[in-house]
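In: return a 3D structure for these sequence lines:
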Amino acid sequence: MTEARPGGCVARDRRVPGFVVVEYKSLDSTNDEVRRRAETGAPAGTVIWARQQTAGRGRRGRSWVSVEGNIYCSVLLRPACKPAAAAQLSFVAAVAVAETVAGFLPLGRTPKLKWPNDVLVGGRKVAGVLLESGTDRDGQVEWLAVGVGINVRHFPDGTEYPATSLVSEGLPTGIPIETVLESFMNHFRRWHAIWQWEGAASVRAAWLERAAGLGAMITVRLSRETLAGVFFGLDADGALLLAPPEGGACRRVAAGDVFFPGTVDATAVDQSLVP
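Out: Alright, predicted model coming up:
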C-alpha cells in the first residue's frame, strides 16, 4: 500500500512480524509522524521509517543530522500506563538496539549503553533513543513514540561527543539497511514482550549488564549544575544513582547527560547523536 503526504512524499508499507513499517524517502521527523498518526487513531505497532529527515531532533531539542544511509524510525505504542512506567521503554529500546548492533559487529566489538539513551561502540555513539508521548485526561499515556536513530553508514564529524557508524566498526557495506532495521524490530518485539510480562526489573538488569561506566567515576551535567561521582546503578524507575566520591548517600538523577573521564568537556553542548 502507498500513500502520499504533503510535499509529494510517497509512503510504502512493509510488514515485519508484529509491526507495520511505513517507509518514507524523506520526512520532517519520524516522531512527528507517529504523533500525527496516533492522534488520528493509528494502532500500536505502526512504525515510521524515513530514509532521511529534514527536522530530526533529540533530547532537549537538539538537532539530529539525518542524511540518507542511516536508520531513523519511530515505533507507535499505546501502553495505557503512567508516564513514569512508559519511560522504562527507553531502556527496552536501548537493549534492543544494543543486541541489534552486536549482531552486525566483528567478534570482540561489544556495544555499551550510556545512560540514559545512547548506544556506544568503542566509546563512540552509534545510536540514540528519544521518547515522546501524549496523555489523556487521567494522566495515562495515550500514545508513545519510541524514536531510534542508528548510524549505519555515516556519522557526524567534529562533534563534542565522538560518534561512529556500523560500517566504520566493521559492518560489510553490502548489507542492506533494511536488514538492520528488521533486526532491530525483532529484538524490540522480544524485549517489549519481556517488559510487558516480566516487568521493568528484567529490562533494567539487561541494561545494567551492558552499562558503560558502571562502578566508575563519571560526570553528570544537569540543567543548572554538574555532578561527579561513582555510577552506582539504576533505581526501580531507571533513574541514575550517583555515589558521592567522598562517601555518603547516593543521589538520584532523573535527567542529565553523562560523560566519562578523558572523553569530553562536561560543560560543552552534546550534539553528536540525538534522534
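
In: which residues in this protein form helices?
Out: Along the chain, the segments classed as helices by DSSP state H run 30-39, 83-86, 89-103, 177-198, 200-209.

In: most neighbours per residue, which of those?
Out: Ranked by mean neighbour count, the helices of the chain are led by helix 89-103 with a mean of 24 (mean count of other CB atoms under 10 Å). From N, CA and C alone the C-beta is placed, and that goes for glycine too.

In: wouldn't R153 be in contact with T173 here?
Out: Yes. Here R153 reaches T173: they are 7.4 Å apart, a contact under CB atoms under 8 Å.

In: which of the two has more neighbours?
Out: More neighbours surround R153 than the other of R153 and T173, with 17 against 8 (other CB atoms under 10 Å).

In: show the pLDDT at the nearest residue to the more buried one once chain neighbours are set aside.
Out: Leaving aside its sequence neighbours, R153 sits nearest to G69 (CB to CB, 6 or more residues apart in numbering; 3.6 Å). On pLDDT, G69 comes in at 89.

In: now do the contacts for G69.
Out: G69 is in contact with V152, R153, H154, I177, counting by CB atoms under 8 Å, 6 or more residues apart in numbering.

In: possible to save those as JSON lines with pLDDT?
Out: As requested, these are arranged in JSON lines below (pLDDT from 0 to 100):
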{"residue": "V152", "pLDDT": "95"}
{"residue": "R153", "pLDDT": "92"}
{"residue": "H154", "pLDDT": "89"}
{"residue": "I177", "pLDDT": "93"}
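
In: now for R153 and T173: what residues contact both?
Out: With CB under 8 Å, 6+ apart as the test, R153 and T173 both reach V167.

In: what's the domain layout of the protein?
Out: Taking automatic domain parsing as the criterion, the chain consists of the domains 2-209, 217-259.

In: quick check: S26 touching Q53?
Out: Yes. Under the criterion of CB under 8 Å, S26 makes contact with Q53 at 7.5 Å.

In: who has more neighbours out of those two?
Out: Taking other CB under 10 Å, S26 and Q53 do not tie; Q53 has more neighbours (26 against 16).

In: report pLDDT for the more buried one.
Out: Taking Q53 on its own, its pLDDT is 87.

In: kindly state the beta-bridge partners for it.
Out: On the basis of DSSP bridges, Q53 is bridged to L27.

In: so it touches S74, yeah?
Out: No. The pair Q53 / S74 is not scored as a contact, 10.3 Å apart, by CB under 8 Å.

In: which residues do those two both contact?
Out: Common contacts of Q53 and S74 (CB under 8 Å, 6+ apart): T30.

In: hey, where'd the strands end up in the stretch 1-150 of the chain?
Out: Under the criterion DSSP state E, counting those that start in this stretch, the stretch 1-150 of the chain carries strands at the ranges 2-5, 9-16, 19-27, 46-53, 71-77, 112-114, 118-121, 124-135, 141-150.

In: columns distance to A87 on top of the ones you listed, output as JSON lines?
Out: Listed next are the strands of the stretch 1-150 of the chain as JSON lines, based on distance: least, CB to CB, whole Å:
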{"stretch": "strand 2-5", "distance to A87": "30"}
{"stretch": "strand 9-16", "distance to A87": "25"}
{"stretch": "strand 19-27", "distance to A87": "21"}
{"stretch": "strand 46-53", "distance to A87": "20"}
{"stretch": "strand 71-77", "distance to A87": "12"}
{"stretch": "strand 112-114", "distance to A87": "15"}
{"stretch": "strand 118-121", "distance to A87": "16"}
{"stretch": "strand 124-135", "distance to A87": "7"}
{"stretch": "strand 141-150", "distance to A87": "9"}
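
In: tell me which of those strands lies nearest to L241.
Out: Taking CB to CB, strand 112-114 is the member of the strands of the stretch 1-150 of the chain nearest to L241, at 15.3 Å.
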